[in-house]
Every structure is written in structure tokens, then in C-alpha cells.
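K.L.:
generate coordinates for the sequence data below:
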Amino acid sequence: MPRRPGPLRHGHLWVLPDGTGLHAPPGRLTRDDDTGRACCHLCGRWFRALGSHVRAHGYTADSYRETLGLCRTRPLSDPSLSAAMSARQSAAYRDSAQVRARLAPGQEMARSGALATRAKTLRRAEDRPERVNARRESLAAGRVTAATRRVDALAERLTALGAADLSDYLRSAYKAGASLDILCDETGLGRARLRAALNGAGITVRPTGVNTAAGKRSRARTAEVAAAARVGTVDVIAWMAERRAAGWTLTSLAAAVGHSTHWVRWRLPSEEASA
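P.N.:
A predicted model of the protein is given here:
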């Protein structure tokens, strides 16, 4: 008679340094999203109260956390079960003077800050793989969120500029003489990202000091807009002319608009500058 096959067994996808096979990744507590049950790393079965089950493998809840790289404060129970236990403990604290007396030293440590200091020291000392994994996942999620926001913000700016594509916009704007500063302001890109986008669009950036006439006009207009915003006016040239006629010196005008006296003199009508 042919032998009957034995029971199917899960393959070990993860292994501890001592060679112990695992059914779930170390440094991570795997839960079922629907039931809240946790997977036992050692046998692959699912439990509402994993801390009680691991005794069958010769572990306590703390030694299981230590071996599998789980956080010291990681609940090993179903969240609903943990909530029920917490409710029972709260009721016991409320109804029992003995329980309150037993917990009084810990409460005093919490009020004085000693408990938080001790917890911080323990976190620094243990730095369990689960904590490291959680930090990495949080950082990765944050980077994805930030990248998504940058893409959305750029799309909004391009729509406002009447451009459907960043590369096409950069080609037309840079060819028209827009400086890198202006392109940064209009697109919201930093210098490094802007240069990468220009390279991706096949645009050769002009060497430093090489300016087009359109670029010079664009920068001059940008400087005038910034000066106007600084003094709260729309026409900074008329604003300076009025105050020059009222007796302001070139130095005081330059300090007000945030430019040099040469910049002010060049923009004032000749008769105002010489008055």
C-alpha cells in the first residue's frame, strides 16, 4: 500500500539567527485586519490572546517579545480583548482601595516625570527591530505623502500658468529669457529639482553671467515688483518719485525699497534724481 501523505506544513519564510524557523517576519506583529487575531511566529496559528499561547512554546510574553524583536509595550492580544481587559482594570481600580494603593507608587513616578524618563531610557537601550521597522515605515509613508503633495502643487501651478506639461513650459519660458529664479518662483521647484527638470527636458542652462535681453528685462521687472510689495504700492517708480519730490534722500529711498542707491537713481526720472 502506498504511504499516505502526511499533513501539509507551512514552509518557513523567515529564520532567527539560531536557526529557528518562523511563519511571520521577526520584528513585526502580524495581525488579521478583520478579526484582530495575531499570528504566532513559531507555529503560524492565529490567536486572540497570543501572550497566553506562547507558553506552549516555552516562552513568556516578555521573552517572546525579546526573542522576536517586538516592542516591550506591544500588546499581544486582540485590540478588542485588550480594551475589555483595560475596562476591567479601570473598574477594579475604581472599586478597590487595595488596587489603588498598589498603583500609587507608579502614579507618583508618572506625576514627577520619573516614569517618562525611565521609559525613554529603556527605548534608547532596547531599540527593538519592531520599533526600527515602525520608524522606517513612518518615514517612507511621510516621503510618499510629501512627494504626492509636491506633484499636486506643481500641477496646480502649471494649470494657473496655462501649461499642461512641465517640460514644454520650461522650454518656452527659458527660451523667452526667464531666469532660474523666476522659474523657481513660478513652478515652486527648488534649484536642484528645477535643474533636473531642465536636463530632463533637454534644455542647456546658460552659463553664469550669460544673460539674454529678455532675461534682463524679466529680472528687472521682478525686482520692481518685489520693491513695490515691500513698500505696499503697485507702482514703485511713482512712489519713489513722489517721496523724492517730498525731500527723501536716495539713501532713504534705497533703504525703503531694499535696493541700492544706484538702482533707485537709475529708475527715477532724471530731473527727480538730480533734484
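
K.L.:
where do the strands of the stretch 101-250 of the chain begin and end?
P.N.:
Secondary structure of the stretch 101-250 of the chain (DSSP state E, counting those that start in this stretch): no strands present.

K.L.:
low-confidence stretches in it?
P.N.:
122-127, 208-215 (pLDDT under 70).

K.L.:
what's the neighbour count on the residue nearest to residue 251 when sequence neighbours are not counted?
P.N.:
Excluding the flanking residues, the one nearest residue 251 by Cβ to Cβ, 6 or more residues apart in numbering is residue 261, at 5.9 Å. Heads up, the C-betas are built off the backbone N, CA and C, glycines and all. Using other Cβ atoms under 10 Å, residue 261 is surrounded by 15 other residues.

K.L.:
quick one: residue 261 from residue 203, how far?
P.N.:
Distance of residue 261 to residue 203, computed by Cβ to Cβ, to the nearest Å: 37 Å.

K.L.:
quick one: pLDDT of residue 59?
P.N.:
At residue 59, the pLDDT value in this model is 92.

K.L.:
and for the residue nearest to it when sequence neighbours are not counted, the neighbour number?
P.N.:
Using Cβ to Cβ, 6+ apart and skipping residues adjacent in sequence, the residue nearest residue 59 is residue 67, 6.9 Å away. By other Cβ under 10 Å, the residues close to residue 67 number 17.

K.L.:
can you list the buried residues in the helix or strand containing residue 67?
P.N.:
Using DSSP states H and E, residue 67 maps to helix 61-68. By 16 or more other Cβ atoms under 10 Å, the buried positions in helix 61-68 come out as 61, 64, 65, 67, 68.

K.L.:
over to stretch 103-117?
P.N.:
Within stretch 103-117, no residue counts as buried by 16+ other Cβ under 10 Å.

K.L.:
mind listing what residue 28 touches?
P.N.:
For residue 28, the contacting residues are 129, 130, 133, by Cβ atoms under 8 Å, 6 or more residues apart in numbering.

K.L.:
who wins for neighbours among the residues you listed?
P.N.:
That'd be residue 130 among the contacts of residue 28, by other Cβ under 10 Å, with 21 neighbours.
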